[in-house]
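Asker: Below are the sequence and a predicted model for it; my questions follow.
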Amino acid sequence: MMLRRAVVGLIAFWCLTVWAKEGIYFKRNDIHSIDAANNVYLVSAQIDYQLSPYLEQALLNGIVLNSKTRMVLVKQNNWWWSQVESLSTLDYQLKYHALSRHFLLTRRDTNENWNFRSLTTALRKMGSVVNHRLPALSKDINDGGYEIYLSSDLSPATLRLPLKIQSIFSSQYSMSSEVIKWPLP
Amino acid sequence: MAITVRTFAFQVMPVVLTAVLLAISLSILNLSTRNPESSDNLIGWLAPLNIVILLILSFLILFNLYQAITRLRTQQAGSRFTLRLMLAFSILTILPVLIVSYFSMNFLGDRIDSWFNVKIESALDDSLELARNSLNVRTRQHLYDIEKVALELTGTDPLDYASKMDSRMRSLGAYEMVLLGKNNRVLVYSGDNAEIGTIIPHFPTNEILRSLSSRGYMNRLETVGGNNTLYSRVAITLNPNTSNDTHILTALFPFSDAEIKLSSNVEDARNEYQKINYQRDLIKQSLRFTLFLIMVLSILFSVWAAFVYSKRLTNPVRKLLDGTLAVASGNLQKKLPVSDKDDFSLLARSFNTMTARLSDAQRESEESQQQVQRQHDYLDVVLDHLTSGVITIDDKQMIRRVNAAAEQVLQAPLSEFIDQSLLEVGAAHEALEPLLQMIQPNLLDDKKEWQCELSLLLMDGKRMLVCRGAALPQLIDGSEGHVLVFEDITEVVQAEHEAAWSEVARRLAHEIKNPLTPIRLSAERLQYRLQPELSEESAELLQRLSRTIMNQVDNLKSMVDAFSDYARAPELRLQSVDLPSLTSEIAELFSVNDEGIEVSVEAQNVPNLHLDSGRIRQLIVNLIKNAFEAFGGEIEGRQECEVSLSVCLDESKDGRSEVVLSVSDTGPGIPADILQNLFDPYVSSKQKGSGLGLSIVKKIVEEHGARVVAANNPQKGAKISIYFPVEAGVEQTNNQPVEVKHVA
């Protein structure tokens, strides 16, 4: 019985390793109103950061990774650029501390920090958005045509290169998620 | 020389703009290479800036190349030379840059690789491990300390936990000490966050529990705070005597400043090395790309500069070639700009001097040609307005020149025979054959000057010509020739002829008329005196002889009157005359005649003419009489004797309106031998008449500026037509030469 579970576990792990494609994915996302009168919303999401080999090795070699999860209010416009208003940003910094062999996660907008022994745990913590409260929205959203966009990106803090042209032409240096859209109201 | 707006816009401006952009780009490249982290904002502009520069340089190069190829295709002067120079300069520029760039890139890779070596990397890892071990020793010391605290707390009353932990924390130098109870509830917290910083600590509860569950204790290094300060986290389980629950005691210990500093230095050095080492290929690629970019910009700029310099270098040559082509095409006003800064200035000056001299020579030649042309035109005008015909022929008797008067005098289109032989003229116009036969011997004898007179029967009738010839001086090419001058003296001869006849008529009238009256009176007196005294027979003889004398005297008187009329030239009394009415009136007088000749008139409506009605009446009477006399004694035997008069409107050859008065008969016609001299005095085919009738007609016609033509009808009889001009009028036409034609 134990052997069977071990085999199934190994196969599952292999499949997960093979099929896990590098990138940023939303495992789940949710928004719900807690104060309809004042248009106050809570956002929850679990973001799965699948680092590229380059970024993972870069992290282990002392390069700091910056992650920003943005929540913006967008007023759609069919004839012109859409009107975008930033609502909230979760700004994380992830670095590897070689001396303690820990991954140090710091949320820069609140100055909170965490120490993790494993990278997976640190990434899970970084991608966890639990009941994040958005600022009260304007009454104008009741007119319709508004959406809340949720997206996340991850990039090295600094490339010690004379030219950043390479980061423009190559996707291995930074990653971006798809955009989750929540129509309002 | 002032720079024009076009020069500034298309030559100076691109150079300045591209040079400034290139300088900015290279400065940013230099800055980003030396300190990439501090030039993030500028680096963002680097790519679009370089793209703009590349586009500008590429456009300039392609534009210059297009211009050069277009000049080559249109075969402009110096285009091939310019293109070759452009290519040569470009190759000379590109080759060294490519070689230097190739070795620089390889050298760059080798140099970067040499930065990293295994020993340094290993030493840094060892240093880090050493620092980690050193700190772990300190951590284990802290674990030992907290074990003693845990033992003390085991026997301590829970109410004293706080004071105990606070005193022990201070004595041990820990920053915080926390006792967790059941369900990880914080039983006692001792510490001060302000000592740690503004960072809010998060207890790694889960990890502590995992370590404690397996080993019963936990010690590790932990970074806390915004400065990532390193601390020692230790934890241990304890079972107080007063409770069955297991508690966890955890504490956070700082390291000494020396330990923190040393370990941080080791870690920072190792991190820096690892970061560079890990991005080594990327750095090499980046530097190579930077070098490549600089190389491309340099090459493009150099090629463009080579193009511009080639064009400037070949500019004097192209201008010189342009000048030579312009001179070759006949433009001698072409001048080349002379610049003292240019080595071609001497050549340009020589070229300008040459064109100036050529221009002067051409101007003199043109002036000479114009002078010759003016003389030629002058001669043309003189010749064309001469009343004498002039023909020049060369030594081969080829016609070289003919004036208009020659064609009028000889009545032949001689201009069509230019560059043709005189013999061909004779072959084409038989009427001129006598002329050619007469001048041929003179031409062959090579006389210097000669003259001859001859009579030609041309379309207008018999013409009297005087032909003078002279040898022309020898021309430059050695050719010789003759000039022939023709003068029509027909009118002069005729005028002299008529003047002589008028003088004869006047003298005859004067000398004969005077004795006629005494002769007639004497004859009548003889008859009156002697008739009664003579016998009947003698009286009858006397009477017969006297009558004969008187009849002959009357005849002589009639003849003298006719002469008198011919010689007389009374002043014309012009008035408006209705010619058809006048003609009909006179014809009516002859309609009843003894000869039984039928007289008919056919008159159209014609405008009135300014004529002397008396003279015209005499003219018409003479013509009718002449027609009557034309029938002679054959009247009785003829079936149809008819005289027809007609007045109609006609148009002359030159388009002028004429009133034509014609008198036609059905008689025997005019003999050909006298047709040409029909209007001369005493020229007649009739036995009756004085022989002056038609001469008087001709005289009246000439007085009215008209012309008379006599011709035989196609079937029978003759017709005399008089053409009176309508528009010109008598007064104007009086001054014109009178034209009397005799048409066979």
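Answerer: Thanks, I have it.

Asker: what are the bridge partners for the residue nearest in space to the middle of chain A, then?
Answerer: Centroid-nearest residue in chain A: residue A:152, 4.0 Å away (criterion: CA atoms, centre = their mean). Beta-bridge partners of residue A:152, counted by DSSP bridges, are residue A:69.

Asker: Could you check how far it is from chain B?
Answerer: 22 Å (CB to the nearest CB, to the nearest Å). Where you see a C-beta, it was placed from the backbone N, CA and C, and this is true even at glycine.

Asker: pretty sure that residue contacts residue A:66?
Answerer: No: in this structure, residue A:152 is not within contact of residue A:66 by CB atoms under 8 Å, at 11.2 Å.

Asker: hmm, back to that, dump the residue contacts of the residue nearest to the centre of chain A.
Answerer: Counting by CB atoms under 8 Å, 6 or more residues apart in numbering or on different chains, residue A:152 touches A:24, A:47, A:67-70, A:127, A:176-177.

Asker: So how do I select the buried members of those in ChimeraX?
Answerer: This is the ChimeraX syntax for the buried subset of the contacts of residue A:152, where burial follows 16 or more other CB atoms under 10 Å in any protein chain shown:
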select /A:24,47,67,69,70,127,177
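
Asker: Have a look at chain A and report its longest strand.
Answerer: strand A:83-97 (DSSP state E).

Asker: List the buried residues in that strand.
Answerer: For strand A:83-97, the neighbour count (16+ other CB under 10 Å) marks A:87-88, A:90, A:92-97 as buried.

Asker: and the top helix by length along chain B, is it in reach of chain A?
Answerer: In chain B, ranked by residue count with DSSP state H as the criterion, the top helix is helix B:280-328. Yes: interface with chain A: helix B:280-328 contributes B:282-283, B:285-287, B:289-290, B:293 (CB under 8 Å from any CB of the partner chain).

Asker: Give me the three-state assignment for residue B:177.
Answerer: At residue B:177 the chain is in strand, as set by DSSP: H, G, I helix; E, B strand; the rest coil.

Asker: Roughly how far does it sit from residue B:190?
Answerer: Shown here: residue B:177 relative to residue B:190, a distance of 5 Å by CB to CB, to the nearest Å.

Asker: ditto for residue B:532
Answerer: Applying CB to CB, the value for residue B:532 to residue B:190 is 219 Å.

Asker: Could you do residue B:83 as well?
Answerer: For residue B:83, the distance to residue B:190 equals 90 Å [CB to CB].

Asker: for the contacts of residue A:152, which one is nearest residue B:407?
Answerer: Nearest to residue B:407 out of the contacts of residue A:152 is residue A:176 (CB to CB; 105.0 Å).

Asker: Does anything pack onto the helix or strand harbouring residue B:91? Which helices or strands?
Answerer: Taking DSSP states H and E as the definition, one finds residue B:91 inside helix B:79-115. Applying 3 or more CB pairs under 8 Å, 6 or more residues apart in numbering or on different chains; DSSP states H and E, we find helix B:79-115 packed against helix B:40-73, helix B:280-328.

Asker: quick one: low-confidence parts of the stretch 401-550 of chain B?
Answerer: Applying pLDDT under 70 to the stretch 401-550 of chain B flags residues B:460, B:476.

Asker: quick one, helices of it?
Answerer: Secondary structure of the stretch 401-550 of chain B by DSSP state H, counting those that start in this stretch: the helices cover B:404-410, B:422-428, B:433-444, B:490-530, B:536-567.

Asker: Export those helices to a markdown table and append columns for distance to residue B:416.
Answerer: Formatted as a markdown table, those follow (distance: least, CB to CB, whole Å):
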| stretch | distance to residue B:416 |
| --- | --- |
| helix B:404-410 | 10 |
| helix B:422-428 | 9 |
| helix B:433-444 | 16 |
| helix B:490-530 | 25 |
| helix B:536-567 | 44 |
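
Asker: Out of the ones you listed, which is closest to chain A?
Answerer: Proximity to chain A (CB to the nearest CB) singles out helix B:404-410 among these, at 88.5 Å.

Asker: and the gap between residue B:398 and residue B:450?
Answerer: Per CB to CB, residue B:398 is found 20 Å from residue B:450.

Asker: Excluding chain neighbours, what is closest to residue A:131?
Answerer: Spatially, and ignoring its direct neighbours in sequence, residue A:131 is nearest to residue A:42 (4.6 Å; CB to CB, 6 or more residues apart in numbering or on different chains).

Asker: Assumed the one you found was part of a strand.
Answerer: Yes: Residue A:42: assigned to a strand according to three-state DSSP.

Asker: Show the model's pLDDT score for it.
Answerer: Note on residue A:42: pLDDT of 93.

Asker: Run a quick check on it versus residue A:35, I expect a contact.
Answerer: No: if you go by CB under 8 Å, residue A:42 and residue A:35 don't touch, sitting 9.7 Å apart.

Asker: Can you pick out the residue with more neighbours from those two?
Answerer: Ranked by neighbour count (other CB atoms under 10 Å in any protein chain shown), residue A:42 and residue A:35 place residue A:42 first, with 16 against 11.
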